[in-house]
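> sequence-free structure coming up:
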Ligand code: VGL
Ligand code: ZN
């Protein structure tokens, strides 16, 4: 990519966690297949010294979004369980910033912009918007799971907050509770000014 592409640009990896991958409790079909693209993005952003943000769904065991509490989802991404951990092959640079969301029992959060920075083992008051602002970020590349929920919500909030926002089409997968949910989500994102781009993965 051109050097200008990298200036003021950050990467956001949304919820690439075990419970959203095959074998997990809320598995996104083929969710694991985005791995090579996600890793290539992380590596390239690191090589260019650009900020890398990873969000995680991070629920208490009795979270309001769980079926046992009348919510839509099976238990997933419960704090302290393997399901809440990153996809095992993912190599995350130590410099990456971690944002957690949905960590309060009675509050759900799809968007990374509802998350808070985790640092030194605790959840801070720092929002994603303020963190990106303090790192002089103006443009965002977004990848991760799931297209029709947390990727969509994060991209919508990003563009509303004034970031020039690009979703990487080969670096996302959707839940598709209804068959066309991901297509619909991509359409809604584009209508709001989100750009779509296929990431030219580098081999070797
Ligand atoms: C998500 C459903 C419930 C997501 C999180 O990360 O897209 N989906 N919680
Ligand atoms: Zn959740």
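Everything's here; your move. Remember, predicted model here, so these are calculated numbers, not experimental data. Ligands and ions are numbered 1, 2, ... in the order given.

> make it CA atoms for all contacts and neighbour counts henceforth
Noted.

> Follow the chain on from the worst-scoring helix or strand of the chain on mean pLDDT and name the next helix or strand.
In the chain, no helix or strand scores lower on mean pLDDT, DSSP states H and E than helix 3-6, which sits at a mean of 74. Scanning forward in sequence from helix 3-6 by DSSP states H and E, the next helix or strand is strand 9-14.

> Tell me which residues of whichever helix or strand comes after that next one come out buried.
Sequence order places helix 35-47 as the next helix or strand after strand 9-14, per DSSP H and E. Buried residues in helix 35-47, counted by 16 or more other Cα atoms under 10 Å: 35, 36, 37, 38, 39, 40, 41, 42, 43, 44, 45, 46.

> Pick out the most distant pair among these.
Pairwise distances across the buried residues of helix 35-47 (Cα to Cα) peak at 16.3 Å, for the pair 35 and 46.

> nearest spatial neighbour of residue 24, skipping sequence neighbours?
Leaving aside its sequence neighbours, residue 24 sits nearest to residue 18 (Cα to Cα, 6 or more residues apart in numbering; 5.6 Å).

> The one you found reaches residue 83, doesn't it?
Yes: using Cα atoms under 8 Å, residue 18 is in contact with residue 83, at 4.7 Å.

> Mutual contacts of those two, please.
Here residue 18 and residue 83 share the contacting residues 24, 77, scored by Cα atoms under 8 Å, 6 or more residues apart in numbering.

> So which residues make contact with the longest strand along the chain?
Longest strand of the chain, by residue count under DSSP state E: strand 164-173. Strand 164-173 is contacted from outside by 28-31, 34-35, 37-38, 138-147, 151, 155, 158-159, 182, 193-199, using Cα under 8 Å, 6+ apart.
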